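[1] got a structure for you, letters missing:
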């Protein structure tokens, strides 16, 4: 009974953290360290209560390695904050079989939500689909907005108000910005679907 209560509390805490992270990612194209820290604290607390295992640790390491490779291979288009969050989810799930179900859900949500963002960008900017995934543009420093990502930013951290002020002071010409898509909402949707399926179907 107590174990079920702790699991429910941890799950709700993770979903709430993912929700607020998604809001920030949608607005500023970044995830704060505080959300990553809260996420890990919840998972560590749950694992200490439920009992850590070799399989849980293995699930965490495998996921961390896979998505770290994706981060570096994509040159930062997939952020390292996203990798840490997904790895923590793998640690929370802990079962390698169920982790595969989560991966499948993540792939499905990535395709659906990714297609949505691509179509919205295509409709708003009237650009060909071939340019959508590798798109950079020069933006005048006076038109910079929080959340825009510098083209040379490997880990895809959206600009803050302070960073924009610094660019306006020390940069004379336009700034090269790259098109980005928020991924935390994809993780949030995937984990939510997984939790529903795990508790109803499995």
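    Looks like it came in fine. The structure presented is a predicted model; accordingly, all values stated were derived computationally and were not measured. Residues are numbered from 1 along each chain as shown.

[2] Confirm residue 177 sits in a strand?
    Yes. Membership of residue 177 in a strand is supported by DSSP: H, G, I helix; E, B strand; the rest coil.

[3] what's across from it in the sheet?
    Beta-bridge partners recorded for residue 177 (DSSP bridges): residue 137, residue 150.

[4] isn't it right up against residue 139?
    Yes. Applying Cβ atoms under 8 Å, one finds residue 177 in contact with residue 139, separated by 4.9 Å. C-betas here are computed from N, CA, C, even on glycine.

[5] and these two? which has more neighbours close in?
    residue 177 (20 against 14; other Cβ atoms under 10 Å).

[6] Just the pLDDT for that one.
    pLDDT recorded at residue 177 is 73.

[7] got it, and residue 86?
    96.

[8] got a list of what it touches?
    When contacts are counted by Cβ atoms under 8 Å, 6 or more residues apart in numbering, residue 86 touches 63, 67, 106, 187.

[9] For these, please prepare a markdown table with the additional fields pLDDT and secondary structure.
    Output for these, formatted as a markdown table (pLDDT from 0 to 100; DSSP: H, G, I helix; E, B strand; the rest coil):
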| residue | pLDDT | secondary structure |
| --- | --- | --- |
| 63 | 96 | helix |
| 67 | 92 | helix |
| 106 | 95 | helix |
| 187 | 95 | helix |
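
[10] which one of these sits closest to residue 54?
    residue 63 (14.9 Å; Cβ to Cβ).

[11] quick one: what helix or strand has the nearest residue in space to that closest one that is not next to it in sequence in it?
    Distances taken as Cβ to Cβ, 6 or more residues apart in numbering place residue 90 nearest to residue 63, at 3.7 Å, with adjacent residues excluded. Under the criterion of DSSP states H and E, residue 90 resides in helix 80-93.

[12] That helix: how far from the chain's middle?
    9 Å (Cα atoms, centre = their mean, to the nearest Å).

[13] residues of it that come out buried?
    Using 16 or more other Cβ atoms under 10 Å as the test for burial, helix 80-93 gives 80-93.

[14] Equivalent analysis for stretch 103-123, please.
    103, 105-106, 109-110, 113, 117, 121.

[15] circling back: intersection of neighbour lists for residue 177 and residue 139?
    residue 148.

[16] Next, the contact list for residue 95, please.
    55, 59 are the contacts of residue 95 under Cβ under 8 Å, 6+ apart.

[17] So it versus residue 144, what's the distance?
    45 Å (Cβ to Cβ, to the nearest Å).
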